[in-house]
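Enquirer: fold the stuff below for me.
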Amino acid sequence: MPSATPDRQKKLQASQDRADRHTAGKAGGGEAGAKGRRTPDPGHPEPVPPLPAQHLRKPGNEADMALAPRYDAPGYLGSGKLKDFAALVTGGDSGIGRAVAVLFAREGADVAIAYLDEHEDAQATRELVEKEGRRCILIPGDVREPRFCEKAVSQTLEEFGRLDVLVNNAAFQLHAESITDITDARLDETLRTNVYGYFQMARAAVPHLQRGASIINTGSVTGLRGSAKLLDYSTTKGAIHAFTKALAANLLEKGIRVNAVAPGPVWTPLNPADRPAEEVSDFGAQTDMGRPAQPEELAPAYVFLAAPVCSSYISGIVLPVTGSVGDGA
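Expert: Numbering: from 1, shown residues only. The predicted structure follows:
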């Protein structure tokens, strides 16, 4: 049975879009709190703000973006760091998840992609993984549902015979001018996707992880600093950081490492599906580097945390990759 989640998210988005039109003309705010435009990084000149002024319908398809995110990291050469590993990546159809799937495959891993209903994006990601010479399976469904999380793990095990890395990456984000704009329905959507989904997926995976396996959660700079216009989203990302540290302590004796990556603004479908088009054009300008990251710039951090050869002595950290100086957990 098709999930009702995409329709529910579109209704929440439509409600916020109406509120945005009502308050048009007021000053906007960036995810991490606008600092004013910075000089773009001369070592990475494209793309920088202004970006295409585009507003996507939720949950957001990478195939519909006017400026395609970069995921392929052409300068990154694999060296077998994840040879014959099996990874499960939620939200792996696009954005950060797609870039992680590609580099995991380049390092020798087979990849299962869990995603909501962005079938065109997911198929493209599978083709990219297979182009790297590894196997890939697609598992559509809603991480809000415990049974789906159990199904995703069981299908990964059935296909690959093992599970070595779980990447919790699926997310729901919708801005609001005021806390009074965040209804119970919206709060429930954000919490159940971003917190319940991570917890339920980890709970399903842990019994099948062996010593040397790892869990990597996607946090956010908003979980480090907060964000005036992303109250519920920031709350969930702070919870994910705490969950990462608590689960790391809980699983330490089993030899299973748990870490998180805290991205700053990243050019993915998540943000054009959240912000009004006029705010999307300035996305990432508030960082010290003056631009958003590309997904390919985040993916090596996930490889580092997944590969025992790189990070066997690291657990319970929140690794900030934010484009600004001084961010930390």
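
Enquirer: contacting residues around the residue positioned nearest the centre of the chain?
Expert: For the chain, the residue nearest the mean C-alpha position is N169 (3.9 Å; C-alpha atoms, centre = their mean). By C-beta atoms under 8 Å, 6 or more residues apart in numbering, the contact list for N169 reads V89, T90, G91, G92, I96, G97, V100, T218. For the C-beta atoms, the positions are set from N, CA and C on the backbone; glycine is no exception.

Enquirer: among the residues you listed, which ones are buried?
Expert: V89, T90, G91, G92, I96, G97, V100, T218 (16 or more other C-beta atoms under 10 Å).

Enquirer: which one among the residues you listed gets closest to L298?
Expert: I96 (5.1 Å; C-beta to C-beta).

Enquirer: hang on, that closest one packs against P295?
Expert: Yes: counting by C-beta atoms under 8 Å, I96 does reach P295; the two are 5.0 Å apart.

Enquirer: which neighbours do the two have in common?
Expert: What both I96 and P295 touch, as defined by C-beta under 8 Å, 6+ apart, is the set V266, T268.

Enquirer: name the nearest of the buried ones among the contacts of N169 relative to Q9.
Expert: Closest to Q9, out of all of the buried ones among the contacts of N169 and judged by C-beta to C-beta, is G91, at 13.4 Å.

Enquirer: please report how far that closest one lies from Q155.
Expert: To Q155, G91 is 16 Å away according to C-beta to C-beta, to the nearest Å.

Enquirer: ok, now D72?
Expert: 26 Å.

Enquirer: quick check: closest non-adjacent residue to L128.
Expert: V102 (5.2 Å; C-beta to C-beta, 6 or more residues apart in numbering).

Enquirer: confidence score at the one you found?
Expert: At V102, the model reports a pLDDT of 98.

Enquirer: could you pull out the helices in the stretch 101-250 of the chain for me?
Expert: 119-131, 146-160, 184-191, 197-205, 221-225, 231-251 (DSSP state H, counting those that start in this stretch).

Enquirer: so which of these is nearest D84?
Expert: It's helix 146-160; of those, that one is closest to D84 (C-beta to C-beta) at 9.3 Å.

Enquirer: what sits against S324?
Expert: Contacts of S324 (C-beta under 8 Å, 6+ apart): A32, V221, G264, T287, D288, M289.

Enquirer: so which of these are in helices?
Expert: Among the contacts of S324, the members found in helices (DSSP state H) are V221.

Enquirer: out of the contacts of S324, which end up buried?
Expert: When the contacts of S324 are checked against 16+ other C-beta under 10 Å, the ones flagged as buried are A32, V221, G264, T287, M289.

Enquirer: which of those lies closest to L251?
Expert: Nearest member of those to L251, counting by C-beta to C-beta, is V221, at 25.5 Å.

Enquirer: contacting residues around that closest one?
Expert: E31, A32, A262, P263, G264, P265, P320, T322, S324, D327.

Enquirer: need the worst-confidence member of those residues.
Expert: On pLDDT alone, A32 ranks lowest of the contacts of V221, at 37.

Enquirer: quick one: closest of the helices of the stretch 101-250 of the chain to P300.
Expert: helix 119-131 (16.3 Å).

Enquirer: elements contacting the closest one?
Expert: Judged by 3 or more C-beta pairs under 8 Å, 6 or more residues apart in numbering; DSSP states H and E, helix 119-131 is in contact with helix 95-106, strand 110-115, strand 136-140.

Enquirer: let's see that with 10 Å instead.
Expert: Judged by 3 or more C-beta pairs under 10 Å, 6 or more residues apart in numbering; DSSP states H and E, helix 119-131 is in contact with strand 86-90, helix 95-106, strand 110-115, strand 136-140.
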